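Undergrad: below is the structure, and that's it, no one-letter string:
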């Protein structure tokens, strides 16, 4: 049986204008996604500001998510840190706070090889009694997890699944095929919100779309259409979502996290889902023309802002 | 006045065979370096297993170093983590435990730009009342710190120095020249133990050589020769040290951290400086032929092992 | 009107055991693909050994292709060289020899920027009166062609199409969407044989699959299924082709071109399409166990070899 | 005996404003370098626009260089192309036109491994009866030549030397040490004009500085100081040259080849060495403020322009 299938958005973490966790906005956003019919929620992934959050903040993010969700859907928790022992500590915290599964990347910062990566996942699995998903995200950790290793770890019961944010659709196809032949030990999820339809055609068991924070309903509808084999509907919904994803392309002067999660937060603020598009230190919060550009793109995609763009965004650099 | 000049080895962290901090070995190693005449010690750098150490272990490493050193030389402490707020927490801990300076890299894991990097260092400086050195290590954080940014932060009093492990000697030369013209606000240190002589010719204020854990005396002599302008002696000592550095090249089947720090630890164990060459999880400890190869290279460099190679190294993978 | 749509394999260049162009094998292979129903043939692409072929050999490859094809399908010719003026010379040769279109990459070897890339395509277009397709292949030229630039060049009549071998399916989706909105000036083709189904879902106008040299019929059937909207058939054929593509994964000790084109040539030799799997200097020809492994994979995919594996492959390194 | 030692600038190729080879300027520039005391000249390297030059232009560049030099110093000729057979053709042309040595990179564009690279150099050596130097330039060919391979090829008589433009000073130090121990079969030259002093300390046999086109005298003086062991003079000259190299940093809006060779050509035009700073297609020629910035930097380095900056530079993009 495949666990954690369907639409599982990586949850954006709303902050107040002073940089604290905005619990009220968090609650609105999580409830909106659950009401839309998502199959799970993934907190403390890259989108969730895990790299920017102190341990105390990480605990707060987990605790509040578990409280708000209240068992309606599974809560997956990212345990992202440089090496094994640090990850295990996060994993134990997640378990203690009520996580349903944990998600870990390959080690990063210090250099290693595949041997170390394999042992890393095995040691985490030994240490914590929760399903473990591998997070394949070379853009952050600078190594690609090979399909053969992932399937071996699946067959050995170490990994329950994979979140693939590798950007390598060829490797993804080999992974789903290898996994199928091995008896489908892994739940294989795509993190690429722009081409979820292709991932379904490749045999993905679900998706983890950051853009699902902005438009959860369309991803849920797309999953349902996929379950019915209605590929033209899958594709049409994807075309809408791809267009909506242009909120990350219409801004100017932003890089990396600011461009991506900054656009998601800004769209969510414009749609009234969260109160502020505040970004964590040291990332600039989107302001002015960038907010306007996103508002226009939302409008163009049939999701008109309900909040005046002029009221969204205060630069932390202006403080 | 330039602070933190001369030879400041990044301290290797000795572990017991069960993976605990080996305090007795740590004491022998630190004392040996201080006796050799080093000008400072840098703990919790990449070499020091910072990425592999839990927060509790990090505290232990700092506390013991400060206790052992007892003010004989300055103790610089690496505060290495993904983003600003996490780094600031480490920096406050370092300050509380008696660090003389802190060392921080650019943010990593989450992607950003130069604007975020600049703010990152400024926020750390604001938060902690200790000299701050930037650690330029693109192989780990995947961004190069530009000389212009470093010198600006130096002139603004944010940075006291730079540890350059960038592998970019051209950029290093521009940095030392820019720094000189700006009134030398930064202490510029090279982390490349194989070409310290060239770095001195380029105007480096000192070095942070991992290999200094194995042979601190030669680096101290080289620094002294440089102070006297005896370039042929500087060069001759470098040739010895470069040859000694081949301990990281003579092994087989190792990658990254295992190949580098693994070789240092093994050499130190063979020289009787530390009791075990144990590596942190999930990194393989060097055993068998790899230990022998390092013993032979030590011998060839006039540093014969005092410990039987057959007694060094137990694979964590065999457990 | 979209030109050059459908299945357009990049033609593998068969060599004799002494390294000459094997015209008889070439004829068999091209006729087999045309008989299978391909919509065009692309010679002197990366797969076609363009980088390994002298100018005289390149001319021979074009001349023979044009002669063999005899107008049955369009012949697209790769004009691959470091910079503009060298490419223009190749393009003029291609035009003189009867090419129906030319295909060029971004400049490579010497470093440049987007401004130079744009001018590069404009100058080629000015110089040669044939449709020009851009070949987006960052793995070879180390730059990605941005969708916005490609669509601009399409609207300006500079480019007639794009062969996308970028491995970036997210960018590909934005490209097809941008192209559609601009009135579809570009024929957008995917070069990734493992995920052609996803590319069709994304709106690709066709494919340029190297694996089409081995199994042209399945790619043609897949295209026809796509034209009918039969997505399950598109997907089933892709699953077969993805499995067949494993001929490039089952070998040992090979890198890059040897692993990829070497496997295609070996499979073609085993299937009796070409006489020899000889590779161009300095690339090793597949022999022994690697030939056997490919034979087994062909068998597993329902394409049993008709030639004894023991008779295929002579190492150029053994000469 | 070490061949091709000392200062061997990679010759910049002057063009007329219409893009033809400017023979008169070429003559002035080559004579100026020979008069300054250089030990050889390297034509058709990266700096020499080899990637931008058609075969006819390449022949012209060689023929004119051989004619102008007239045997006063050796002429080394770059034979830069994607793969072995293409390089061999260039090498035969170079031999026919009177080259004293040939210089070749690893294969590029098509992917390969070390096995192919080794065979590549061996086949070139077999084909042409001239000393062969390896050109280690990963920024262009995207592979680093390992010291062990280079020294093996040196001992086997395949390679006579190495031009190192790898930017890897650590590897360079291991190379010079390996080479020395093997009996110094290779002449090891550095291509990094900013840190030639460090390369000499590492044991380099000479340099191939692009900046030597602008200021050949200082590189010759530096070499002579090195021969006398006057390290402070070596260093002082390097400091001047490093500062002069800032002509490539003071411009705005340029990338890659335009920024580097464009600055050299502009400085040479300002110093009256060549008539025009014209760049090859599709690279922008430096104009306006960029010319002014370079003029100011020359002035600051004690090399005042003799040509009015306002008369230098016509944009090919304005045509």
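TA: Right, received. Where do you want to start? All figures in this text were calculated on a predicted structure; none of them were measured in a lab.
Undergrad: the domain parsing of chain A - what is it?
TA: By the assignment in automatic domain parsing, chain A contains the domains A:2-232, A:249-319.
Undergrad: gap between the residue nearest to residue A:39 when sequence neighbours are not counted and residue B:113?
TA: What sits nearest to residue A:39 in space, not counting adjacent residues and going by C-beta to C-beta, 6 or more residues apart in numbering or on different chains, is residue A:6, at 3.1 Å. In this view, the C-beta of every residue, glycine as well, is placed from N, C-alpha and C. Relative to residue B:113, residue A:6 is positioned 35 Å away (C-beta to C-beta, to the nearest Å).
Undergrad: pull the contacting residues for the residue in chain A positioned nearest to chain C.
TA: Nearest residue of chain A to chain C: residue A:198, at 2.9 Å (C-beta to the nearest C-beta). Residue A:198 makes contact with A:169, C:169, C:195, C:197, C:198, C:199, C:201, C:202, according to C-beta atoms under 8 Å, 6 or more residues apart in numbering or on different chains.
Undergrad: likewise for residue A:52?
TA: A:280, A:281, A:283, B:82, B:83, B:84, B:85, B:86, B:110.
Undergrad: the third one and residue A:233: what is the separation?
TA: When you say that, I think you mean residue A:283. Taking C-beta to C-beta, one finds residue A:283 at 37 Å from residue A:233.
Undergrad: for those two, indicate the residue with more neighbours.
TA: Taking neighbours as other C-beta atoms under 10 Å in any protein chain shown, residue A:283 and residue A:233 compare with residue A:283 leading, 30 against 16.
Undergrad: mind listing what that one touches?
TA: Residue A:283 is in contact with A:52, A:257, A:258, A:262, B:112, B:116, counting by C-beta under 8 Å, 6+ apart.
Undergrad: can you put those in a markdown table and add pLDDT and distance to residue C:221?
TA: A markdown table is the format used below for those (pLDDT from 0 to 100; distance: C-beta to C-beta, whole Å):
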| residue | pLDDT | distance to residue C:221 |
| --- | --- | --- |
| A:52 | 97 | 50 |
| A:257 | 93 | 44 |
| A:258 | 93 | 46 |
| A:262 | 97 | 45 |
| B:112 | 91 | 47 |
| B:116 | 96 | 51 |
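Undergrad: pick out whichever of the residues you listed sits closest to residue C:297.
TA: The closest of the contacts of residue A:283 to residue C:297 turns out to be residue A:257 (C-beta to C-beta; 42.4 Å).
Undergrad: briefly note if the helix or strand hosting that closest one comes near chain C.
TA: Assigned by DSSP states H and E, residue A:257 falls within helix A:256-270. No - Helix A:256-270 stays clear of chain C (C-beta under 8 Å from any C-beta of the partner chain), getting no nearer than 11.9 Å.
Undergrad: that older thread, which one of the contacts of residue A:283 is nearest to residue B:295?
TA: Using C-beta to C-beta, these come closest to residue B:295 at residue B:112, 44.4 Å.
Undergrad: number of residues surrounding the closest one?
TA: With other C-beta under 10 Å as criterion, residue B:112 counts 25.
Undergrad: ditto for residue A:190
TA: Residue A:190: 27 surrounding residues under other C-beta under 10 Å.
Undergrad: so which residues on the stretch 201-319 of chain A come close to chain C?
TA: Close to chain C, as judged by C-beta under 8 Å from any C-beta, the stretch 201-319 of chain A has residues A:201-202, A:229, A:231-232, A:234-235, A:238-239, A:242-243, A:246, A:249.
Undergrad: quick one: which two of the residues you listed are the most distant?
TA: A:229 and A:249 (31.6 Å).
Undergrad: higher neighbour count, these two?
TA: residue A:249 (13 against 10).
Undergrad: ok, residue A:159 to residue A:133 distance?
TA: Counting by C-beta to C-beta - residue A:159 and residue A:133 are separated by 7 Å.
Undergrad: what sits against residue A:69?
TA: Applying C-beta under 8 Å, 6+ apart to residue A:69 gives the contacts A:30, A:34, A:41, A:75.
Undergrad: ok, residue A:83 to residue C:40 distance?
TA: Applying C-beta to C-beta to residue A:83 and residue C:40 gives a distance of 52 Å.
Undergrad: repeat for residue A:269
TA: 50 Å.
Undergrad: residue A:205 touches residue A:188, doesn't it?
TA: Yes - using C-beta atoms under 8 Å, residue A:205 is in contact with residue A:188, at 5.2 Å.
Undergrad: give the residues shared as contacts by those two.
TA: In contact with both residue A:205 and residue A:188: residue A:161, using C-beta under 8 Å, 6+ apart.
Undergrad: more crowded one of these two?
TA: More neighbours surround residue A:188 than the other of residue A:205 and residue A:188, with 29 against 21 (other C-beta under 10 Å).
Undergrad: now do the SS call for that one.
TA: Classification of residue A:188 by DSSP: H, G, I helix; E, B strand; the rest coil places it in strand.
Undergrad: quickly list what it is bridged to.
TA: residue A:162 (DSSP bridges).
Undergrad: residues in contact with it?
TA: A:161, A:162, A:164, A:172, A:175, A:176, A:179, A:203, A:204, A:205.
Undergrad: tell me what the helix or strand containing the fourth one is packed against?
TA: In other words, residue A:172. Remark: residue A:172 resides in helix A:169-181, with elements defined by DSSP H and E. Where contact means 3 or more C-beta pairs under 8 Å, 6 or more residues apart in numbering or on different chains; DSSP states H and E, helix A:169-181 is packed against helix A:147-155, strand A:161-164, strand A:187-190, helix A:196-201, helix C:231-244.
Undergrad: JSON lines for those, including mean pLDDT?
TA: As requested, the helices and strands packed on helix A:169-181 are exported to JSON lines (pLDDT from 0 to 100):
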{"stretch": "helix A:147-155", "mean pLDDT": "98"}
{"stretch": "strand A:161-164", "mean pLDDT": "98"}
{"stretch": "strand A:187-190", "mean pLDDT": "98"}
{"stretch": "helix A:196-201", "mean pLDDT": "98"}
{"stretch": "helix C:231-244", "mean pLDDT": "98"}
